[in-house]
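S.K.: What follows is a predicted protein model with its sequence.
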Amino acid sequence: MKSHGTVGIGLALRLGLALAVAGTAGSLAAQSLPTPYRLVDEWPHLPVHMNGGRWGETIGVDRDADGNIWVFHRCFNNRPPGAATCVGRDDDPPVVKFSPDGELLDSWGEGVFAAPHGFHIDPEGNIWGTDYNGSETVLGLPAGGRGHQVFKFSPAGEVLLTLGRAGVAGNGPDTFDRPSDVAVNAAGDIFVTDGHGPNNRVVKFDRNGRFLLTWGGPGDAPGEFDQPHTITLDSRGRVFVGDRSNSRIQIFEPDGTFVAEWKQFGRPSGMFIDEDDVLYVTDSTSNSSNNPGFKRGIYIGSAVDGTVHAYIPDPDVEFQDERRISGASGITADRQGNVYAADVGPQRIRKYVKQ
């Protein structure tokens, strides 16, 4: 469905096209931008009692107001990349909290998710996660009705709100089809990218979970999507959607009015915008076939004007034409500008110190 908002659409379209052209012109230059970051070895300190001190698939990472780093992952399940799950691993916590120094502080969330995906900490400190599971069974195990839902937790792990119907796929006001991400603004409004299934839409709810509106639909025109994989908000409350298979970011007003399209940040798998409107974008799927001219990695720039300032290469960038996906999906940064990346296939968390 299209956006409910139409005011100023002509101006917004012209602005969006202008920014898109400017972004495309600068895309190749972005590949030679500086990398003022140093990789920190062995961060965080994962306890030996958790899967022998090893990760499973890490999919999300975010930081709270105290500077602690939270990780969302698929239950220390070292299956082949893309196949990890929390089904059958109900003693393992998918939400793990670390101090800024990388020491384990807390973990919880057992028995809730089948396939953790989108992850977000809202302005009030609540923890949000999406379950994009779309199968009745996972790796031959019954999924127990899990999937197609979005959860809100307290920092201690208490479930405060649930959106969607457990195990039920749909495109109505109370159903999703493999929701990919979630973001919440200062007023408590909730934005969900319903993006790993056929719906290709954004769904908006109020702070109590009441449906407000939806926009999008399959396609590549302004306001349409092909796998909206990630969502975040800037300081003005504008909604940034990582339209991954269209190799672009789309920007909207909170009512769904289209503002702009940016292609200079690559093929977005994950996004984060800090308090100063610095935009961090992970590209884990570009290659010579589906996004020529771009390299996988982390693009860092401005959420205000779309300029790209820095680039951190994917550690496996030289193999991007051989691998379907690599590097980070989850991304965040602390108040010092240090970057944290959650790598799905490589099953690791990378921390980069800003220099």
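M.R.: In hand now; what should we look at?

S.K.: Could you tell me how many residues sit around residue 42?
M.R.: Per other C-beta atoms under 10 Å, the neighbour tally for residue 42 reads 11. Using the backbone N, CA and C atoms, a C-beta is placed for each residue, glycine as well.

S.K.: and if you look at residue 289?
M.R.: Neighbour count for residue 289, taken as other C-beta under 10 Å: 7.

S.K.: For it, which non-adjacent residue is spatially closest?
M.R.: In this structure, residue 289 finds its nearest non-sequential neighbour in residue 321, 7.6 Å apart by C-beta to C-beta, 6 or more residues apart in numbering.

S.K.: Quickly note the distance from the one you found to residue 298.
M.R.: Remark: distance between residue 321 and residue 298 (C-beta to C-beta, to the nearest Å) = 19 Å.

S.K.: between these two, which one's more packed in?
M.R.: Shown here are residue 321 and residue 298; by other C-beta under 10 Å, residue 298 has more neighbours (28 against 9).

S.K.: mind listing the strands in the stretch 251-355 of the chain by residue range?
M.R.: 258-262, 268-273, 278-283, 297-302, 308-313, 328-333, 339-343, 348-354 (DSSP state E, counting those that start in this stretch).

S.K.: Export those strands as TSV, with columns for mean pLDDT and distance to residue 84.
M.R.: Output for the strands of the stretch 251-355 of the chain, formatted as TSV (pLDDT from 0 to 100; distance: least, C-beta to C-beta, whole Å):
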stretch	mean pLDDT	distance to residue 84
strand 258-262	98	31
strand 268-273	98	16
strand 278-283	98	18
strand 297-302	98	22
strand 308-313	97	24
strand 328-333	97	12
strand 339-343	97	12
strand 348-354	96	13
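
S.K.: Below-threshold pLDDT in this structure: ranges please.
M.R.: Along the chain, the parts satisfying pLDDT under 70 run over 1-31, 81-82.

S.K.: Run the chain-centre distance for stretch 308-328.
M.R.: 16 Å (C-alpha atoms, centre = their mean, to the nearest Å).

S.K.: same deal with stretch 48-56?
M.R.: 24 Å.

S.K.: in that stretch, what's buried?
M.R.: Neighbour counts over stretch 48-56 (16 or more other C-beta atoms under 10 Å) mark 50-51, 55-56 as buried.

S.K.: can you check stretch 190-202 too?
M.R.: By 16+ other C-beta under 10 Å, the buried positions in stretch 190-202 come out as 190-197, 199-202.

S.K.: What of stretch 235-253?
M.R.: For stretch 235-253, using 16+ other C-beta under 10 Å, the buried residues are 238-253.

S.K.: Residue 117: which of the buried residues of stretch 48-56 is nearest?
M.R.: The nearest member of these to residue 117, counting by C-beta to C-beta, is residue 56 at 13.7 Å.

S.K.: Could I have the CA atoms of stretch 327-341 written out in CSV?
M.R.: The C-alpha trace of stretch 327-341 is given here as CSV (Å, rounded to 0.1, in the frame of the first residue of the first chain):
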residue,chain,number,x,y,z
GLY,A,327,30.5,-9.3,7.1
ALA,A,328,28.1,-7.3,9.2
SER,A,329,24.3,-7.1,9.4
GLY,A,330,24.1,-5.4,12.8
ILE,A,331,25.8,-2.1,13.5
THR,A,332,26.1,0.5,16.3
ALA,A,333,28.5,3.1,17.6
ASP,A,334,29.2,4.5,21.0
ARG,A,335,29.4,8.1,22.0
GLN,A,336,33.2,8.1,21.3
GLY,A,337,32.5,7.1,17.7
ASN,A,338,33.8,3.5,18.2
VAL,A,339,32.0,1.1,15.9
TYR,A,340,30.6,-2.4,16.7
ALA,A,341,29.6,-4.8,13.9
